Structures are given as C-alpha cells and as structure tokens.
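Visitor: have a look; sequence and predicted model below, questions after that.
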Amino acid sequence: MGSIKVQKLEKSFGVRNIFHDVSFELRRGERLGLIGANGAGKSTLLKCLIGEEEYDGGTFVLSEGESVGYLQQDITYDDDITLRDTMTEAWQDVLRLEGQLKDVEKQMQSQPDNMELMNRYAHMQERFEWLGGFEYESMSRKIIQGLGFGEADMDRPVQSFSGGQKTRINLAKALVRRPDYLFLDEPTNHLDMDMLEWLEGYLLSYGGGILIVSHDRYFLDRVATGILELSHGTITKYKGNYTRYVEQSRARRKALENAYRKQQEHIHETEEYIRKYKAGIKAKQARGRQSQLDRLERIELAPEEATLHFHFAPAEGSGEKVLVLDNVCGGYGDRQLFDHLSLLLRRGESASLIGPNGTGKTTLLRMIMGEKEPDSGHITLGSRVRIGYFAQEHTELHGAWSVLEEIMNAFSYSEDEARNVLGRFLFTGDDVFKTIDSLSGGEQARLALLKLFLEGPNFLILDEPTNHLDIPTREILEQALLDFGGTYLVVSHDRYFLDKITGRTLVLEHKKLKEFLGNYTYYREKEREAAELQAQEAAEQGTGKTEEKQEEKRPSSQTAAQPVKAVDTPAVKKAPSYGTARKLEQIEMKIAELEATVKMYEFQLNQPENQTDPDKAMELTELYECTQQKLDEAYDTWAELSEKE
C-alpha cells in the first residue's frame, strides 16, 4: 500500500522557526485532520508538501507515479475564465492523451499490421483508462452537480461567482481527478449545511489518503480517522476522530504533567543530597548522584498555547419579548427571499438561524438591525433591549485605523486602558499599531469580539462568528455565550458550535421559517425521521397499504346513519393477519442474526490479542454494546407483534 512519508521537516522565515522535526505518514485510505492554533504553520506545511514553499530541512517522500490534489484557501482567476474552462483545465493531460490516441488510431488504419503501433496504442489506452479518461465528463458533471452548480453555470466567468461559490469551484478542481492523495486547506469555508454533508459523504467514499486542515470539529468528527496536532513547531498523531483526540490529548497532557512533577521532585531531592554531602564523608556518593543527574533525560513540558480570556458581563434585564417578527417579507429588487415570516424570541433564549446559502439569513439580520426595511410586515424589539451585532464582514471595524485607535476611539479609552483590554485578546507589543486592513481574518474576528464584549449588550446577533477562529478560540466563545445569561440569535454553519450553544433551531428555506425546539443534531434527527416516514408512506402507497389504512379509518355508512347497539359476544381470539405474521417471521430472522453477531463479538473480546490492544478492545466493546441494544429492541418488537395475534 502506498503512502506519503514526512521525516523531520523544518521551515523558518528569517529568525522565526515555523516548525521543526515534523514527522508523520499518510497512507491510502487514511483521512488525517491537521489542527492547531492560528499561526501554528498548518497552511505553510501544506505548501511545503506540494512544492509551493521550500522547506529548510528533512524529507518528503511520495511513491513514484502517485498524484496529489490540493485545495488552497484563495485562488485568483482571470476575468474571462469560465467554470467549464476551469474543469477542462483539470483534465489537460487526459485530453492531450486522448488526442494522441486518435492520431495513433489513424496511423493504425493505414498500417494495420504494425505491431509497434499496436503495442503503443495498447499502452496509451491503458494509461488513458487509469487516468479516468473514459469517465472524465461524467466525473466532472457529478462533482459539479454535487457542489450545487447546474449546466447554466458552466459558461459563467468564475469571477462572477460569490466567495462561497469560488470555494466550491476550487474544491471541484481538487476532487475531480480523484488523485491518490488530497490536501485540503479549510475545505468547509463558505459551504452551507447541504454542501457540507455532500462533501462528508464524498470524502468518506474516497479511496485515497486525505490530509485536511480544518477548524470544523463536527466535520472532523464525521470524516477523520486520525488527528495531527501541530503545536510548538512539532506534530503529535492521535488515532480516531476529533472527539477521540480531545480525550487522548487530555489524558496525554495529564500523564505528562504527572511524570514531569515526579521528575522535578526527584531532581530537587537529588540536588539537595548533592548540596548537603558534596564536601563531606559522602562526597563520592554525591558525585555519583551528580553524574546520574547529568545523564538524566529531562521531560519537557510544553507551555499551554496562548489563548484569549474573556466573558461577557452579566446581561442586564430586558422585557420578556426580545424580538417579534410579524408577517415579514423581504428581498432584493424583484427577487423575494422570504415572505410572511413570524417569530417570537423571548428573554434568555438561544436560537440559531440556518438554511442554504442565498435564502436571506444575513438580509433578515440586517432588517432586525434596522439597516434595511422589510417590504412588508413589522419587526419589533422589546423594552430595554440592547443589541450587540457581530457582522460577517466586520463592517463595524475601520480599515484605516490601527488596532489601538479602534478601541480608544470607540470607547474613549486611554492608551493604557486600551492596551490592557487588547492584551486579553492577544494583541500585544507592536501588534496594536497594525492597521485593521492588514490584520488576518482571525485577528479581525478577535477584535470584533472584543468590541462586542465591551459594549455590554443583552441581545447578541451573531453572523458567522466562528469564521477564521481557531478551535481554542471557538471553545472560549462557546463558554462565554453559555455564561452570558442574555438572549442571542446566531447564524452559523459550524454545527459543533450550534450543538453546544443553542436550544432552538430556526430553518429558513423555500421562503419560509420552520422551527425546532432543540439544537442542530435534534433538528437533523427530526428531519431524518420525517424523511423515513415519508419514504415508508410512499412504499406503502405503492403496495396499496395506505388505501387499506384509510379504509379502516373511514366510518361505514351504517355507523354514519345510526349507532349500532352493543351486544355481549364471547371473546374470540383472532388469527394474526398476513401482514403481522410476515413481520413476525422477519423479526425472528433478525433476532437469530443479531444473537449470532453478539456471540461473535463475545468470542473476539476474549481473544488475548484483542485484550492487549486498547483501541481494538474499545472498538469491539462498542460494537458488542450496539448489537446488544439492537437485539433488545428486536425482542421488544417481537413481543408487541405477538400480542396482536
């Protein structure tokens, strides 16, 4: 099996070391998530691996003949390049080979007995097939449609698409050739929920190796088979998805801290012994202890990554009704995005607003903020409501001002006061003199959060607040919102974030607003249940069962005309219906199958090789428990059906 091997890779910019001693292996079939704080060097590492940046030391080995696809965060396109041109460009070598095959075919027609031509043609055709030449059109169409583009989009200039659509085009270029390895840098940026789920499904079915830089924890939980943590210039590899990484990382840190503490105690005791006896009768023993101490391999405990520290001040009380939408309609120009939206948001509620891109979520937020008037209907804020707004594009920041000026001017702070609060948000030293326009996306997001924190609102409206934030900062924001005590409405594609901080989900699609009294996962479960029920009803309708059910529910003409006098009749046990008997037969077969599976897992759990492998033992235990639960449910179903006999 092929693999990519990275050994002791190093990279510096001037005197600043970005990373050193980076070593890992990516095998075919593995999906490794590369995580780390902003500025840790994740994107730089990817660029070193694909040859866009020179690395200073170490080795990177890719098996001969294997290919790498790369999705980078930002690509600039010429004005006249269309989507069709972009997809065609990805297949240039295949198209060139196709032309060469046609040339050889013509030569073979005039020289049918030329064995050299025939062998050459066979070799070229084999390579053409290996490169995907017979399916490149269908593959392109599948990727393009899966990422939300239609045939009408193919001849549009790429520059005319939105930022999110450009991200999807870049993703299509990386995916379409099905390379042996994929390097993806923030692939979930600007994707809506449907596109995220499509991408997850596509990557789960991908046979090659994948290296993913991402801050999307839900995505990493669904996709990753391992996590690479880049911290303090080096990489640590963990098995499993993001949640498993968190568990293992905490356990590893705790074990390292314990070992470090014990070693420090030993060093302190040894140094005390040496100091006490180095000139006395035990001087020889003291010198021996000194030699041992000199040879001791010291445990290095890396400092915790610097993170911002903040919490919102306790929210001041507001009226019970914080936000009321009454039959609100709106859109842009002749295009109506939504109509007759009604909503009541009460004090202390935490709600998310989700839906596909382009449905009008940000437009609705702007109407609530008073930046845009609805076409009809009314938006009312409750009494004593103070709004704090986090805009997706950070329009509240002044591009030409310095970081220091932004805070001093907005809150009439002295320089010392401004520096103090900026330090809590990781703006220190000369960083405070940077202009807003020169800041990275993550730095602008941190500054916008600081302003929000200082304003002291009791109703937060947050439009994609986690964009550009690294995982540690997202976790701090989550805790700050959980402790907030006020009301907030959040637009976000970060499903992990929404699961943690919201208790109400508002879905804007097809111009309407649907409500679910739970977080994102609850909403998805209800949607799946509804889809399964709809599919079941459709299947029953196809077999005529729906009509039977409706006939059972419909009252007879006799019942409708006059009540039938009840008479005492002896109880007669009915024979089970054909449908019930069939279901009993099916569930009994299922029970037999599950019982056999439970016994198989019991046998595997008792094997010595599995008991000594913690990961394998945990996996088998989970499978055993899951199967046992299904068996219990099957028995319950069997009991219910038996009672109907």
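Guide: Okay, I see it. What you see is a predicted model; the values in this text were computed from it and never measured.
Visitor: check contacts around the closest residue to Arg474 other than its chain neighbours.
Guide: Of all residues not flanking Arg474 in the chain, Thr466 sits nearest, at 5.1 Å (CB to CB, 6 or more residues apart in numbering). From N, CA and C alone the C-beta is placed, and that goes for glycine too. Residues in contact with Thr466, defined by CB atoms under 8 Å, 6 or more residues apart in numbering, are His215, Arg474, Leu477, Ser492, Asp494, Phe497.
Visitor: what's the burial count for the second one?
Guide: So the one you mean is Arg474. If you count neighbours by other CB atoms under 10 Å, Arg474 ends up with 19.
Visitor: sec struct for it, please.
Guide: Assigned with DSSP: H, G, I helix; E, B strand; the rest coil, Arg474 falls in the helix class.
Visitor: so it makes contact with Leu498?
Guide: No. Contact criterion CB atoms under 8 Å: Arg474 and Leu498 do not qualify, at 11.5 Å.
Visitor: and Pro79, how many residues sit next to it?
Guide: One thing to correct before we go on: residue 79 is Asp, not Pro. Neighbour count of Asp79, defined by other CB under 10 Å: 8.
Visitor: I meant to write Ala410 there.
Guide: By other CB under 10 Å, the residues close to Ala410 number 17.
Visitor: that one is in what secondary structure piece?
Guide: Ala410 belongs to helix 403-411 when assigned by DSSP states H and E.
Visitor: buried stuff in that helix?
Guide: Within helix 403-411, the residues that count as buried by 16 or more other CB atoms under 10 Å are Val403, Leu404, Glu405, Glu406, Ile407, Met408, Ala410.
Visitor: describe which strands the strand or helix carrying Gly58 pairs with in its sheet and in which direction.
Guide: In this assignment (DSSP H and E), Gly58 forms part of strand 57-62. Partners of strand 57-62 in the sheet, by DSSP bridges, are strand 3-13 (antiparallel).
Visitor: in this protein, which segments are predicted with low confidence?
Guide: 1, 73-76, 305-307, 543-582, 598-599, 601-615, 617, 639, 642-645 (pLDDT under 70).
Visitor: which residue comes closest to the residue nearest the centre of it once chain neighbours are left out?
Guide: For the chain, the residue nearest the mean C-alpha position is Phe219 (2.4 Å; CA atoms, centre = their mean). Leaving out its chain neighbours, the residue that sits closest to Phe219 by CB to CB, 6+ apart is Thr188, at 5.3 Å.
Visitor: sec struct for the residue lying farthest from the centre of the chain, please.
Guide: The centre of the chain is farthest from one residue, Ile281, which by CA atoms, centre = their mean lies 66.1 Å away. Three-state assignment for Ile281 (three-state DSSP): coil.
Visitor: count of neighbours near Leu95?
Guide: 14.
Visitor: same deal with the one 10 residues further on?
Guide: Residues contacting Glu105 under the criterion other CB under 10 Å number 12.
Visitor: circling back to that earlier point, C-terminal to the helix holding Ala410, what's the next element?
Guide: Moving toward the C-terminus from helix 403-411, the next helix or strand (DSSP H and E) is helix 415-424.
Visitor: ok, back up a step: buried residues in the strand holding Gly58?
Guide: Gly58, Leu62.
Visitor: which neighbouring elements make contact with the helix or strand just after it?
Guide: Sequence-wise, the next helix or strand downstream of strand 57-62 (DSSP H and E) is strand 68-71. If you count contacts as 3 or more CB pairs under 8 Å, 6 or more residues apart in numbering; DSSP states H and E, strand 68-71 packs onto helix 42-50, helix 163-175, strand 181-185.
Visitor: which stretch among those is buried most, on average?
Guide: Most buried of the helices and strands packed on strand 68-71, by mean neighbour count (mean count of other CB atoms under 10 Å): strand 181-185, with a mean of 24.
Visitor: got the CA positions of it in PDB?
Guide: Provided in PDB are the C-alpha atoms of strand 181-185 (Å, rounded to 0.1, in the frame of the first residue of the first chain):
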ATOM      1  CA  TYR A 181      -3.800  11.900  -2.100                       C
ATOM      2  CA  LEU A 182      -5.900  15.000  -1.300                       C
ATOM      3  CA  PHE A 183      -4.500  18.000   0.600                       C
ATOM      4  CA  LEU A 184      -7.500  20.200   1.700                       C
ATOM      5  CA  ASP A 185      -6.900  23.600   3.300                       C
END
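Visitor: pull the residues that contact the next helix or strand along the chain from it.
Guide: Downstream of strand 181-185, the next assigned helix or strand under DSSP H and E is helix 193-204. With CB under 8 Å, 6+ apart as the test, helix 193-204 has contacts from 31, 146-148, 168, 171, 175, 182, 187-188, 191, 210, 216, 219, 222-223, 354-357, 493, 495.
Visitor: and Ser3, how many residues sit next to it?
Guide: 17.
Visitor: return the distance of the closest residue to it other than its chain neighbours relative to Arg84.
Guide: Distances taken as CB to CB, 6+ apart place Arg27 nearest to Ser3, at 4.4 Å, with adjacent residues excluded. Distance, Arg27 to Arg84, using CB to CB, to the nearest Å: 35 Å.
Visitor: so how far is stretch 412-420 off the chain centroid?
Guide: 38 Å (CA atoms, centre = their mean, to the nearest Å).
Visitor: name the residues of that stretch that come out as buried.
Guide: Tyr413, Ala418, Arg419.
Visitor: ok, the nearest residue to the last one once chain neighbours are set aside - contacts?
Guide: The spatial neighbour of Arg419 that comes closest, neighbours along the chain excluded (CB to CB, 6+ apart), is Val432 at 6.3 Å. Under the criterion of CB under 8 Å, 6+ apart, the contact partners of Val432 comprise Ser402, Val403, Leu404, Ala418, Arg419, Leu422.
Visitor: surely the third one meets Asp431?
Guide: Spelled out, it's Leu404. No. When contacts are counted by CB under 8 Å, Leu404 is not listed as touching Asp431 (9.3 Å).
Visitor: tell me, what's touching these two both at once?
Guide: Counting by CB under 8 Å, 6+ apart, the contacts common to Leu404 and Asp431 are Leu422.
Visitor: how close does the residue nearest to Arg419 sit to Arg446?
Guide: 12 Å.
Visitor: how is this structure divided into domains?
Guide: Using automatic domain parsing, the domain parsing of the chain gives 3-81+177-240, 246-295, 321-386+456-526, 574-645.
Visitor: quickly find the element holding Asp636.
Guide: Taking DSSP H and E as the criterion, the element that holds Asp636 is helix 614-643.
Visitor: roughly how far out does that helix sit from the chain middle?
Guide: That offset, for helix 614-643, works out to 29 Å (CA atoms, centre = their mean).
Visitor: check which helices and strands it sits against.
Guide: Against helix 614-643 (3+ CB pairs under 8 Å, 6+ apart) you get helix 578-605, helix 608-611.
Visitor: could you report the neighbour count for Thr637?
Guide: Counted with other CB under 10 Å, Thr637 comes out at 16.
Visitor: do the same with Glu373
Guide: Glu373: 10 surrounding residues under other CB under 10 Å.
Visitor: contacting residues around it?
Guide: Contact analysis of Glu373 by CB under 8 Å, 6+ apart lists Met367.
Visitor: now swap in Tyr70 and tell me
Guide: Tyr70 touches Leu46, Ile50, Ala174, Leu182, Phe183, Leu184, Asp185, counting by CB under 8 Å, 6+ apart.
Visitor: the fifth one and Val68 touch, don't they?
Guide: What that stands for is Phe183. Yes. Counting by CB under 8 Å, Val68 is a contact partner of Phe183 at 6.2 Å.
Visitor: next, show the common contact partners of the two.
Guide: Leu49, Ile50.
Visitor: next, the angle from the lengthiest helix in the chain to helix 614-643.
Guide: Counting by DSSP state H, the longest helix found in the chain is helix 242-277. Helix 242-277 and helix 614-643 meet at an angle of 140 degrees, taking axes from the mean of the first three to the mean of the last three CA atoms, to 10 degrees as the criterion.
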